[in-house]
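Novice: Provided below for reference: sequence and predicted model.
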Amino acid sequence: MNREELLKPEERLDDLQRNGYKIIQHPSKFCFGMDAVLLSGFANVKPGESVLDLGTGTGIIPILLEAKTKGKKYVGLEIQEESADMATRSVQYNNLEEKVQIVHGDIKEASALFGKASFDVVTTNPPYMNDQHGIKNPNLPKAIARHEILCSLEDVIREASFVLRENGRFYMVHRPFRLVEIITWMTKYHLEPKRMQFVAPYVNKEPNMVLIEGLKGGRSRIKVEPILIVHKEPNVYTDEIYKIYGY
């Protein structure tokens, strides 16, 4: 099949600024945001390691990690069939079938699908809101991506712990207002928080994202990195953000 034939009506190709890779997205569906890109820059994947991305959406994180790191295998798990299909076609478009696999399935069943202790690294950019947070988007794909409709924060962290090998690493991007919950669930499921970085839109604004790393079976000690500032002025990224994006 010609690469252009992988694109369906109303879909578009976005340039990822890495290795010439592009990703297929549908403008009226949920498209990836900066949080996914920041997570791909925060996660550490060592040569030969296997990675599982929980709730991969259109496959942005596995594809970016394949471009940025030297892991052996990258798997994205996605419950929404349409998103999983777009992710699969993006993998095909970039000729990454030997390194990246997209699986259509439920986060809550990740350890049953892949087996326990089967990955070295787990990444996730999960829904940020639970039933008490905000108004649900009437567009169901967007609502599922943003609200805990099909899985909870505990589901994500539990399954991440189950599929990780001992001393495996967990990487998540989330909202600071849920940090207490995040750390509570991580410690319950033996993912000891080891590294954390807050992200703020401007130097004088409070953080609106948090990146966190956990170590399966690790001891209690955490490093808090300097706050990552996104903009130095309106519509102008800081040098750190340009570096993460690959410019």
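Specialist: Cool, got the structure.
Novice: and the closest residue to Pro126 other than its chain neighbours, what does it touch?
Specialist: In this structure, Pro126 finds its nearest non-sequential neighbour in Val156, 4.8 Å apart by C-beta to C-beta, 6 or more residues apart in numbering. Using the backbone N, CA and C atoms, a C-beta is placed for each residue, glycine as well. Taking C-beta atoms under 8 Å, 6 or more residues apart in numbering, we find Val156 in contact with 54-55, 107, 124, 126, 172.
Novice: bridging residues for Phe119?
Specialist: Note on Phe119: beta-bridge partners by DSSP bridges are Leu164.
Novice: How much space separates it from Ile244?
Specialist: Computed as C-beta to C-beta, to the nearest Å, the Phe119 to Ile244 distance reads 23 Å.
Novice: Of the two, which one has the most company?
Specialist: Using other C-beta atoms under 10 Å, the more surrounded residue of Phe119 and Ile244 is Phe119, with 25 against 21.
Novice: could you give me the average pLDDT of stretch 184-192?
Specialist: Stretch 184-192 comes out with an average pLDDT of 97.
Novice: who's in contact with it?
Specialist: Outside stretch 184-192, the residues within contact range by C-beta under 8 Å, 6+ apart are 153-154, 157-158, 160-162, 164, 170, 193, 212, 214-220.
Novice: Pull up the distance across it, start to finish.
Specialist: Taking C-alpha to C-alpha, to the nearest Å, stretch 184-192 runs 10 Å from one end to the other.
Novice: Same question for stretch 187-195.
Specialist: End-to-end span of stretch 187-195 (C-alpha to C-alpha): 14 Å.
Novice: what comes up buried for that stretch?
Specialist: 189, 191-195 (16 or more other C-beta atoms under 10 Å).
Novice: Cheers, nothing more for now.
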